[in-house]
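1. Please work out how this folds:
(chains A and B)
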There are 2 protein chains.
Amino acid sequence: MGPDSARVAIVGGGFGGLAAARALRSAPVEVTLIDRRNFHLFQPLLYQVATGGLSPANIATPFRWALRRQANVDVVLGEVRDFDIAGQRVLLGDGSIAYDHLIVAAGATHSYFGHDWQALAPGLKTIEDATRIRSRILVAFERADREPDPERRAALLTFVIVGAGPTGVELAGALAEISRHTLRHDFRHIDPGSARILLVDAVDRVLAAYPADLSARAQASLEELGVSVLLNTSVSAVAEGEVTLETRGEPPRGVPCATVLWAAGVQASPLGALLASRTGLSTDRAGRLAVEPDLSLPGHPAISVIGDLSSYAHGLERPLPGVAPVAMQQGRHVARRIRDQLRGAPAAPFTYRDRGTLATIGRARAVADFGRFHVSGFPAWFLWLVVHVMNLTQAQNRLLVLTQWAWSYVTYNRSARLITDGARPSAESEPGSGGSMH
Amino acid sequence: MGPDSARVAIVGGGFGGLAAARALRSAPVEVTLIDRRNFHLFQPLLYQVATGGLSPANIATPFRWALRRQANVDVVLGEVRDFDIAGQRVLLGDGSIAYDHLIVAAGATHSYFGHDWQALAPGLKTIEDATRIRSRILVAFERADREPDPERRAALLTFVIVGAGPTGVELAGALAEISRHTLRHDFRHIDPGSARILLVDAVDRVLAAYPADLSARAQASLEELGVSVLLNTSVSAVAEGEVTLETRGEPPRGVPCATVLWAAGVQASPLGALLASRTGLSTDRAGRLAVEPDLSLPGHPAISVIGDLSSYAHGLERPLPGVAPVAMQQGRHVARRIRDQLRGAPAAPFTYRDRGTLATIGRARAVADFGRFHVSGFPAWFLWLVVHVMNLTQAQNRLLVLTQWAWSYVTYNRSARLITDGARPSAESEPGSGGSMH
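-> Next up, the predicted model:
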């Protein structure tokens, strides 16, 4: 491969970006994968890290490791500052990357719908989010155990999860299991099983993207686990120690609670708006860029946008959802398009092949939608387990995660319940710091 | 057990405190274990977390889990602010714990010998230290890969470890393995194997607490791995990007390096000085409290001090070293003494049974000192592995760590090499933040 081979820059190493890089393995191109982190994150299992079932390293694969046998990829740890469209360069904090083809796969983050609730109601997108949420949950139980006042103790044992999509459902199910089983014998002054777990959503069912029968089964499973599902209910205020809920047709009510977790809105990466302003395009309300049938940006055939940052609606009632299979298929499609183009072949349009979706609710509880077939209960959960473990990129991670799960399944144990990173109760309740012990 | 049973407060859940709590299992006492963290840390393996071989959860056991079957123990997550000696209470940020017997096992932290080098040369005592050091090491390689200037690149690939005790030797060996093997195929612009690893100590041999023949064998093993051992050498200055070394009889010289790790001095927890001031006693230069033959404080039979915070020198040339076996035997001794006292039996003096010490240098390299027998190489390493894995408190952790090690041994892989917690290169080099991608 000489200096004349086409240069492909990929921004973001999530499911879409990594799939594109891998699919370019045997293409006569030089690929540069740019990401702020040095690892690919298997986001669907992030809730397991947040609830102490897995360690961060179990669901993260260093890019350099994942791509070590692919000589035509260079990994750059860096943050994108701007795009020089005319000059065909991605500008980083400390240099720039020239490209002939640019693939932007920068993903999405939480949306608080304009509210400033990040600190009070953390969302779950990064490893740090997950360890922070884990610490918060555990600290709430620890503080409850030492709280003499019954009302304050009840508030410490109340967990509100906003958003009943897959992440919210998974978090609620895992929290129910922790409080009913994992922590059962851990405390002397409280019964962790008395914790209230409220799963709140503004629409009229959980897992709204799934068929109605699976939503109903998921809700029944959650309720069996002890989760209170509050539908048609939105959050109108979040304050320290209290959240205000408004169920349709009822007056607002305050719910005292120490822990609010955000699993509601999604907003595309700010790189979408930046790219739009540089190309004279605009984003939709969620910050996504509409793409051509071949996933390129209108008027910019050298730039493709894939995954959660793109909005693909050609021939569809509504745009494709922001899920891993869409991003991965789009990454592979763009790679194929680039290879075709280098051979002078025309660009084919992208079509999404929906192979079904799976959501888990807890130990041996899940729902799966394969179009004509709907599966729930243990078979769906087992399928979910196989699909997720098989998709963990590193062979070692598969082995470790399986070991961990087999053990957890038998014993209800969650070994990774460590409180780290300054989220200790004293640090939260009193800013001053006294004696020290390790 | 009625309200009249004796109350034992234990400050610190390290090796000493946890051993004391466990040894009181069947005693007619009510135990309160107080710690700032919610988990017991298996510190001897912390260097494996710092070098990406293990995840934090692999070497940490939540106290509540470790003590879940012991009904007479209450775990309190809190920070000790003071001791009320006359009133027999431990004062926390949010309340106090009354005691009839107090066991202080608050451990030790780094000593920089009066220098303010914490930020420039981090030490290795906590989980956060370990993940921070891991990120620093990995970021140095990442930055080197993008650094065009050869001198700056060489500085990024220079790692200085201060202190050639067990921790320094283990860190140096692990770093050598990472650069020579784990990262070998990971970078396109640098050869990680060209990294310089300098292990510096002011005395004339590594592992100075071991017999001289084992020191020599450890040094030979380190040098085989590619570590440069600089003896009779002290650090006279640490600055951003440079450390100044002074080898005895030579003029000081600056060594450009991006990463300095501190494994030199140890200073007892500040709780030692606080306890000394409240009891009218004094500490030694390392902040430790001298104890009576039965491990109680002079003049205060209700207070025992054990582990790294205590200095026990009765009948010995020098005080017992700050290692886990000493702390554990002391914890068990104090528990036995309390039980004896409750039965009216006299307090027996403590005697340490030295069962040998082990230090590892890397893959299949270690040294072991059993008094008359000195072992090195693979047999010592295998012994080290068995002892450490068997001592990991949770059965699941044992299984996971063994799986992880077996895999690492075969493949040289270290899967936990994640850069987390804001130690990313852009965050370090440029305070401003630009675009965002997940």
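2. buried residues in stretch A:217-225?
-> A:217-219, A:221-222, A:225 (16 or more other C-beta atoms under 10 Å in any protein chain shown). Where C-beta positions appear, they are placed from N, C-alpha and C, glycine not excepted.
3. can you tell me which of the residues you listed lies nearest to residue B:331?
-> residue A:225 (40.0 Å; C-beta to C-beta).
4. per-residue confidence for that closest one?
-> Note for residue A:225: predicted pLDDT of 92.
5. Spit out the contact partners of it.
-> A:172-173, A:176-177, A:180, A:361-362, A:365 (C-beta atoms under 8 Å, 6 or more residues apart in numbering or on different chains).
6. again, but for residue A:10
-> A:17, A:20-21, A:31-34, A:103, A:105.
7. Am I right that it sits in a strand?
-> Yes: counting by DSSP: H, G, I helix; E, B strand; the rest coil, residue A:10 falls inside a strand.
8. how near is it to residue A:24?
-> As for residue A:10, its distance to residue A:24 is 9 Å (criterion: C-beta to C-beta, to the nearest Å).
9. What's the local residue count around residue A:304?
-> Residues near residue A:304, counting by other C-beta atoms under 10 Å in any protein chain shown, number 30.
10. Kindly export stretch A:322-331 (C-alpha atoms) in PDB.
-> Listed next in PDB are the C-alpha coordinates belonging to stretch A:322-331 (Å, rounded to 0.1, in the frame of the first residue of the first chain):
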ATOM      1  CA  GLY A 322     -30.400   4.300  17.500                       C
ATOM      2  CA  VAL A 323     -29.400   0.700  18.200                       C
ATOM      3  CA  ALA A 324     -26.200  -1.200  17.700                       C
ATOM      4  CA  PRO A 325     -27.300  -3.400  14.800                       C
ATOM      5  CA  VAL A 326     -28.300  -0.300  12.700                       C
ATOM      6  CA  ALA A 327     -24.900   1.300  13.400                       C
ATOM      7  CA  MET A 328     -23.000  -1.900  12.600                       C
ATOM      8  CA  GLN A 329     -24.800  -2.600   9.400                       C
ATOM      9  CA  GLN A 330     -24.300   1.100   8.400                       C
ATOM     10  CA  GLY A 331     -20.600   0.900   9.200                       C
END
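11. Contacts for it, please.
-> A:14-21, A:23, A:43-44, A:103, A:105, A:108, A:266, A:295, A:306-308, A:310, A:312, A:320, A:350, A:352-355, A:357.
12. Now, these that are in strands?
-> Among these, the ones falling in strands (DSSP state E) are A:103, A:108, A:266, A:310, A:357.
13. Skipping its backbone neighbours, what lies nearest the first one in space?
-> Leaving aside its sequence neighbours, residue A:103 sits nearest to residue A:10 (C-beta to C-beta, 6 or more residues apart in numbering or on different chains; 4.6 Å).
14. related to what we said a few turns ago, could I get the buried residues of stretch A:217-225 as a markdown table with secondary structure?
-> Listed next are the buried residues of stretch A:217-225 as a markdown table, based on three-state DSSP:
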| residue | secondary structure |
| --- | --- |
| A:217 | helix |
| A:218 | helix |
| A:219 | helix |
| A:221 | helix |
| A:222 | helix |
| A:225 | helix |
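15. Out of the ones in strands among the contacts of stretch A:322-331, grab the one that's most surrounded.
-> Busiest of the ones in strands among the contacts of stretch A:322-331 [other C-beta under 10 Å] is residue A:103, holding 29 neighbours.
16. Tell me, what's the model's pLDDT at that one?
-> 98.
17. for it, what are its contacts?
-> Counted by C-beta under 8 Å, 6+ apart, residue A:103 has contacts A:8-11, A:16-17, A:20, A:303-306, A:331, A:334.
18. on that earlier part again, give me the common contacts of residue A:10 and residue A:24.
-> residue A:31.
19. Which stretches in the stretch 1-150 of chain A count as strands?
-> In the stretch 1-150 of chain A, the strands defined using DSSP state E, counting those that start in this stretch lie at A:6-11, A:29-35, A:39-41, A:60-62, A:73-77, A:80-84, A:89-92, A:95-98, A:101-104, A:108-111.
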